[in-house]
Each structure stands twice: as structure tokens, then as C-alpha cells.
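**Student:** predicted model and sequence follow; I will ask about them next.
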2 protein chains.
Amino acid sequence: MTTPLEPIDRAILRELTQDGRCSFTDLAERVGLSVSAVHQRVRRLEQRGVLKGYAARVDGEQVGLPLTAFISLTPIDPAAPDDYPHRLEHLSAVEACYSVAGDASYVLKVRVAGPTALEDLLRQIREQANVSTRTTVVLSTPYEDRPPGV
Amino acid sequence: MTTPLEPIDRAILRELTQDGRCSFTDLAERVGLSVSAVHQRVRRLEQRGVLKGYAARVDGEQVGLPLTAFISLTPIDPAAPDDYPHRLEHLSAVEACYSVAGDASYVLKVRVAGPTALEDLLRQIREQANVSTRTTVVLSTPYEDRPPGV
DNA sequence: GCTGAAAATCGTCCAAC
DNA sequence: GTTGGACGATTTTCAGC
């Protein structure tokens, strides 16, 4: 059951999505509430699980991982156990794993150092998960991590 | 030109990726440095653009947007100007936009309230960007936003 | 580049309205 | 929800190594 969100909570989430380290003082000012009120609202959002956490946004290119790609996974053996996420979790290049409807069973988002690293990663994925892969290389990212909803 | 990162900076980024609101005090303890040292390293990473910012991680289901999907865009008119990201930026359901190599020109990550909202969004995208679309619905997200590299 | 300490700010709790 | 106060923790700066 999900209680519908109040506008003020939406505003808080919008601000925190854009600046996750915003102080409660600033936050209170931006959403037009007292510090105490904002404080308890944020705590309630965290407890409810609406706010799952906070993450630094890192520039992949500058950390030596300039190549981003999406990899679609299709099981070779349709009867195999569906534990792909767990089998691929140890690969640090895998930033995200989505279970999807469509031709593929899963889509991975990966970040690697270059073509050679990608080739090596694909080999590991195919071997360890027994899947065929289809890779879409990301050329650039016009925008990402925008705040949800309106 | 990207200066290769020192191990200590990698450690800082790893911690901040997992807990973006981590205090400098904690951070200093975790990476084995003084508070001041960590502080100036973080500031330098921010200035260099390695740290692009901080974002709250929000549970899409709990904010009334339980349906996530990837939408591949293929231009109908190959001679049309390549301003798709800008033309779709105003659609708040679009969380991210990637320029890609492959069959499609762009891939969007979107979050909507349900099938009807998705249908409506697809109509808007096709109309406003003059593209054909291929949509992959996300069923679940085993993991996301993991720290980059090792 | 690191440390340690001072000064300003912030997070957190609480009582009262 | 709000205000105001209080206290400890944190951020931020700076001199010195």
C-alpha cells in the first residue's frame, strides 16, 4: 500500500534528487517550511522507504571508465534457474541490473575502461550466466538522474 | 586529459556512492585520513568534475510511478536535425537520455504511473520528436546505482 | 599534502504554543 | 505545524609542519 504523496513531500524529494547533500536549513527555506517540520518529514520519508538513500554522482570518464553500455541478456537454456542477477553481482563493471519484459530477460548497465575491457566483460557474462548478449554502446549522455514525476 | 585517480580518491568516491550524505568525520575514518585532508580531497574532486553532485535515491513505486521502461528512439526522417534530447527534456517522465550506437539513435529511461500514462508518453514522444519507438518494460530492478570500478 | 585546533554552521531534540 | 532554545556534531578555514 502506498499512501499518495503530499505536494510538500514531492518538493522535498525534488530538491534532494537534485542536491542530495542539501542542508535541512536550505531545504526548509526552499520548500517553505520550518527546519523542524522538514526534518521530521525527511525522517518519515526515509522510514517509509520512499527515500532509499543518497548517492554521489560520479563522472565515469574521469574515473577511467569512459565506456558505458547496455547489455541485453537472453538465456540460452530456457529451463535454467533464474539467478542471473546474483551470478553477475560480483562484476564491478555492472552498475545496474533490470529484469525486463521483451526479447531479453535482463538488461545490464555497465561501465568499462574501453573496448578491450568490454570484450572481456562480455566473455565473462556469457560464461558465468550462460546467456547470449546484445550490446548497445552509449555515445553520450545528454542527461541522467532527473527528478521523478512533476 | 584525465589525471589517473589515486587509490585514496577512489575509496572516497566508493564511500560517497554508497552513502552520499556520509559526514566528513565518518569518511575520514573509513578511508584513514584526517577530516581536513578528506575535506580538501572531496572539494578537489568536486572542482575537477569527478564528483558531479549528489542525488537522493527515490523509490519509484512509492511516489506513484511504479512503471519503469526503456524506450529506444529511431528517427523517421534521417535528415532531421539531431535535437531529440532537447525536444524531450520537458517531459518529466523522462529520467535519462542516452545517445547510443546501434539500431536506435537514443535510449530513454522513463518512469510513469501505469500503462495508460506510458501510452500517452509514447504518443507525445513520437509526435514531438518524429521518431518511432521500441519500448522495453522493466519488471523489477535487482540492483542499481552501484559504485563504479573496483 | 597532511595535521590539529579554532570558529561558524548545522543536526537533533525538546518544550510550549 | 511553528517557534525558540539548547547542546553536541559537523563543516570550514587557517596556521604550521
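**Tutor:** Nice, I can see it.

**Student:** next one: the lengthiest strand in chain A to chain centre, how far?
**Tutor:** Taking DSSP state E as the criterion, chain A has its longest strand at strand A:131-143. Centroid separation for strand A:131-143 versus its chain: 15 Å, with C-alpha atoms, centre = their mean, to the nearest Å.

**Student:** what comes up buried for that strand?
**Tutor:** A:Val131, A:Thr133, A:Thr135, A:Thr136, A:Val137, A:Val138 (16 or more other C-beta atoms under 10 Å in any protein chain shown). Bear in mind the C-beta positions are built from the backbone N, C-alpha and C, glycine included.

**Student:** just stretch A:3-22 next, same as before
**Tutor:** For stretch A:3-22, by 16+ other C-beta under 10 Å, it's A:5, A:9-17, A:19-22.

**Student:** same question, stretch A:20-37
**Tutor:** Judged by neighbour count using 16+ other C-beta under 10 Å, the buried positions of stretch A:20-37 are A:Gly20, A:Arg21, A:Cys22, A:Leu27, A:Ala28, A:Val31, A:Leu33.

**Student:** out of the residues you listed, which comes closest to A:Ala101?
**Tutor:** Closest approach between the buried residues of stretch A:20-37 and A:Ala101, by C-beta to C-beta: A:Gly20, at 30.9 Å.

**Student:** where does pLDDT dip in chain A?
**Tutor:** Counting by pLDDT under 70, chain A contains low-confidence residues at A:1, A:150.

**Student:** quick check: the residue of chain A found nearest DNA strand D vs A:Arg48, distance?
**Tutor:** For chain A, the residue closest to DNA strand D is A:Ala37, as judged by C-beta to the nearest atom of the strand, at 2.6 Å. For A:Ala37, the distance to A:Arg48 (C-beta to C-beta, to the nearest Å) stands at 16 Å.

**Student:** swap in A:Asp103?
**Tutor:** 36 Å.

**Student:** for chain A, what spans make up the strands?
**Tutor:** Under DSSP E, chain A gives strands at A:51-58, A:67-75, A:94-100, A:106-112, A:131-143.

**Student:** hey, which of these is tucked in deepest?
**Tutor:** Highest mean neighbour count of the strands of chain A: strand A:106-112, a mean of 24 (counted as mean count of other C-beta atoms under 10 Å in any protein chain shown).

**Student:** contacts for that strand?
**Tutor:** Where contact means C-beta atoms under 8 Å, 6 or more residues apart in numbering or on different chains, the residues beyond strand A:106-112 that reach it are A:60, A:65, A:67-73, A:84-85, A:88, A:91, A:93-100, A:118, A:121, A:125, A:131, B:70, B:136, B:138, B:148-149.

**Student:** what does chain A put close to DNA strand D?
**Tutor:** Contact residues, chain A versus DNA strand D (C-beta under 7 Å from any atom of the strand): A:Glu6, A:Ile8, A:Leu33, A:Ser34, A:Val35, A:Ser36, A:Ala37, A:Gln40, A:Arg41.

**Student:** filter those residues down to the ones near chain B?
**Tutor:** Among the residues of chain A next to DNA strand D, no residue is within reach of chain B (C-beta under 8 Å from any C-beta of the partner chain).
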